[in-house]
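In: quick one, structure for this:
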Amino acid sequence: MKQLLLASALFLAACSSGQTMTKEASTADLALATEVMRALSADDMEGRLWGTQANARARAYIAAQAAALNGGLMPEEQAFTRTVTRDGETFEVTGTNLITTLPGREPGGPVLEVMAHFDHIGMTEDGEIYNGADDNASGVGALLAILKDFTQDPPEHDINVVWLDTEEFGLAGAYEYVAARVDDRPRVAMNLDMIAQNEDGQIYMSGSHHTPALRPVVEAAADGIPLRLTFGNDRPEDGPDDWSMASDHAAFHTVGIPFVYLGVADHAHYHKTTDTFETIPLDTYHAAVQLAVNTARALDENLDALARPKAETVP
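Out: Below you'll find the predicted structure:
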């Protein structure tokens, strides 16, 4: 029943904005997303710090999961070295992004970029682990649920599903991806970063201030989902609460590409050793995964009207 109600809501929202919708909402594989979040935030992943063997193990795990969903086709690896500045210190980071491209029914048109970062901040000197369950094993799990949804029912447009490295260190992986892989085709970026850990069931969508046409699409995607969807944290007057440059979507925003960022506010477990699978409210996470799948599907359906081309070179 919820699927039928959501389909109607999507259709009405699309009509009101001059767009069209044809598909019903999909049922997300919540078990898949949950298991991926659990596995990536386990102690043996040691916090997935860039450049470590643990980070490579996490990347190999994600690649294997993606290949299993995509007919055995392994994601492409994009290795990089990039100079970043963090806390006043300038240094080089190395990383490897993973990219799976799903061809759409209408090749050559606009592109949907759907992403989540898989790195975290590692361990303390005395061996305490920053497991990073919410940040961002939660987004990686949802991204694999999106990949599964589109492999079962192919998209209208080309979709790049991207697992980004080194978000925690200057968004290096995202900037490298945009600089090297984003051409002049119009596109929209969707970023999932910390979508699980919020006890009051609130999740934010940032990006509609910059591209107002995104709001009715995401509102419709959220219909019937037990989350409190809040739009904002994307205006200059928000000051430190302006999240336009706060995660990997910043690399796309910098060059004028519309973005949808789904995430929760900072919480008691943010960048703490308590950000573990055991502290995640799973009901909230499951609702967020369904929202992510619905939103990706809705963006694909409305991509011709929403997508914009790259405007300038990434700094």
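
In: now His269: how far from Thr276?
Out: Relative to Thr276, His269 is positioned 8 Å away (C-beta to C-beta, to the nearest Å). Where you see a C-beta, it was placed from the backbone N, CA and C, and this is true even at glycine.

In: what do you get for Phe91?
Out: From Phe91 to Thr276 the distance is 29 Å (C-beta to C-beta).

In: try Asn55
Out: 18 Å.

In: higher neighbour count, the two?
Out: Asn55 (24 against 20; other C-beta atoms under 10 Å).

In: right, and the more buried one touches Asp119 too?
Out: Yes. Using C-beta atoms under 8 Å, Asn55 is in contact with Asp119, at 6.0 Å.

In: mutual contacts of these two, please.
Out: 48-49, 95, 165 (C-beta atoms under 8 Å, 6 or more residues apart in numbering).

In: in strands only, show me those.
Out: Using DSSP state E, Gly95 are the members of the shared contacts of Asn55 and Asp119 that sit in strands.

In: tell me the one of the shared contacts of Asn55 and Asp119 nearest Thr101?
Out: Asp165 (17.8 Å; C-beta to C-beta).

In: residues contacting that closest one?
Out: Asp165 neighbours (C-beta under 8 Å, 6+ apart): 50, 55, 59, 95-97, 117-119, 172-173.

In: could you redo the last one with a cut-off of 10 Å?
Out: 48, 50-51, 55, 58-59, 77-80, 93-98, 117-119, 172-174, 176-177 (C-beta atoms under 10 Å, 6 or more residues apart in numbering).

In: quick check: Gly239 vs Asn233, distance?
Out: Taken as C-beta to C-beta, the span from Gly239 to Asn233 is 10 Å.

In: the two - which one has more neighbours?
Out: In this view Gly239 and Asn233 are compared by other C-beta under 10 Å, and Asn233 has more residues nearby, 20 against 7.

In: per-residue confidence for that one?
Out: For Asn233, the pLDDT comes out at 91.

In: list the contacts of it.
Out: Counted by C-beta under 10 Å, 6+ apart, Asn233 has contacts 204-207, 209, 240-244, 246, 261, 263, 265.

In: quick one: those as a markdown table, columns for distance to Ile129 and neighbour count too.
Out: Conversion of the contacts of Asn233 to a markdown table gives the following (distance: C-beta to C-beta, whole Å; neighbours: other C-beta atoms under 10 Å):
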| residue | distance to Ile129 | neighbour count |
| --- | --- | --- |
| Tyr204 | 27 | 22 |
| Met205 | 31 | 23 |
| Ser206 | 29 | 28 |
| Gly207 | 32 | 28 |
| His209 | 37 | 18 |
| Pro240 | 28 | 7 |
| Asp241 | 29 | 15 |
| Asp242 | 31 | 16 |
| Trp243 | 27 | 20 |
| Ser244 | 31 | 20 |
| Ala246 | 24 | 18 |
| Tyr261 | 27 | 25 |
| Gly263 | 22 | 28 |
| Ala265 | 24 | 16 |
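
In: include distance to Ala67 and pLDDT when you put the shared contacts of Asn55 and Asp119 into CSV, please.
Out: Output for these, formatted as CSV (distance: C-beta to C-beta, whole Å; pLDDT from 0 to 100):
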residue, distance to Ala67, pLDDT
Arg48, 19, 98
Leu49, 24, 98
Gly95, 20, 98
Asp165, 18, 98
